[in-house]
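> could you look at this predicted model? Sequence included:
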Amino acid sequence: MSKALITFQDFKMSQSNKVLLDKVNVSIHQFDRIVLVGKNGSGKSSLLSLLKNKEEGDAGSIWLAPNLKIEYLEQDPREPNVDNLMEFLSQDNQQPNLSKIKEIIEELNLKKINLKDNLSGGEIRKIYLAKLILSEAELLLLDEPTNHIDLPTIDWLEKKLLSLNKPLIVVSHDQEFLKRISTKTFWIHQSQILKREGPYENFQSWADEIIEVGRIKSHKLKQKI
């Protein structure tokens, strides 16, 4: 059985006096590729940020494996202050593989960009995707990684993530990307995290069933009252 990297126990998280998560008990394991889904404002990005910064919630606890290295691709990363791309992509790596860095720069056509100009959203994301793929992190967090990039780059990213065989948590509106990348789904629903094993493929029918069961229970409760 794969080892746990992060465990939530009776975890609670709030933002601006709104409870986003309450009494959450789930674990993230060594080989999980987790799709994190939920309505806008349900706390997906806030949860990723909290994990990256290794912060505590409002109640309960989060246990992280000792010295766990986490790399986080934000939804809207700021333009990097880059003079030397090789140097930037080598940061945070104790033993940077220069040939691998050059290879990824070539694959993403980053060699052709002018670092002194204002970079486009796609160029910024490509730089941070390269940094994420090259990182020595043991857990990858990706918030809308396919925004601003074209289909060949999405295909490249998918293949790279699968070949790394690292655990990851991804938030994305790209349904096809989620179907191909996932092994597990965490659904933020009514301040809970509901867990589903297996690919994202049949998520919607599973979610609809849970919503319908909840509706029937609520209707029966109202009848009793």
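Cool, got the structure.
> CA atoms for contacts and neighbours, from now on please.
Noted.
> against residue 15, how distant is the most centrally placed residue in the chain?
Among the residues of the chain, the one closest to the centroid is residue 170, at 2.8 Å (C-alpha atoms, centre = their mean). To residue 15, residue 170 is 21 Å away according to C-alpha to C-alpha, to the nearest Å.
> sketch out the low-pLDDT regions of this protein for me.
Along the chain, segments meeting pLDDT under 70 span 1, 213-225.
> what about residue 57, which SS state?
Look at residue 57: counting by DSSP: H, G, I helix; E, B strand; the rest coil, its state is coil.
> now for it: which residues touch it?
By C-alpha atoms under 8 Å, 6 or more residues apart in numbering, residue 57 lies in contact with 11-14.
> which of the residues in the strand ranked longest in the chain are buried?
Longest strand of the chain, by residue count under DSSP state E: strand 4-15. Of the residues in strand 4-15, 5-8, 11-14 count as buried by neighbour count, 16 or more other C-alpha atoms under 10 Å.
> who does that strand pair up with?
With DSSP bridges as the test, strand 4-15 is paired with strand 18-24 (antiparallel), strand 27-29 (antiparallel), strand 59-64 (antiparallel).
> okay if I get the ones you listed as TSV plus mean neighbour count and distance to residue 110?
As requested, these are exported to TSV (neighbours: other C-alpha atoms under 10 Å; distance: least, C-alpha to C-alpha, whole Å):
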stretch	mean neighbour count	distance to residue 110
strand 18-24	18	38
strand 27-29	19	33
strand 59-64	16	35
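> identify the bridge partners of residue 29.
Counting by DSSP bridges, residue 29 is bridged to residue 4.
> isn't residue 160 up against residue 133?
Yes. With contact defined as C-alpha atoms under 8 Å, residue 160 counts as touching residue 133 (7.3 Å).
> who touches both of these two?
With the criterion set as C-alpha under 8 Å, 6+ apart, the contacts of residue 160 and residue 133 do not overlap.
> got a list of what residue 154 touches?
Contacts of residue 154 by C-alpha under 8 Å, 6+ apart are 146, 177.
> do the one 4 residues further on as well
Taking C-alpha under 8 Å, 6+ apart, we find residue 158 in contact with 177, 180-181.
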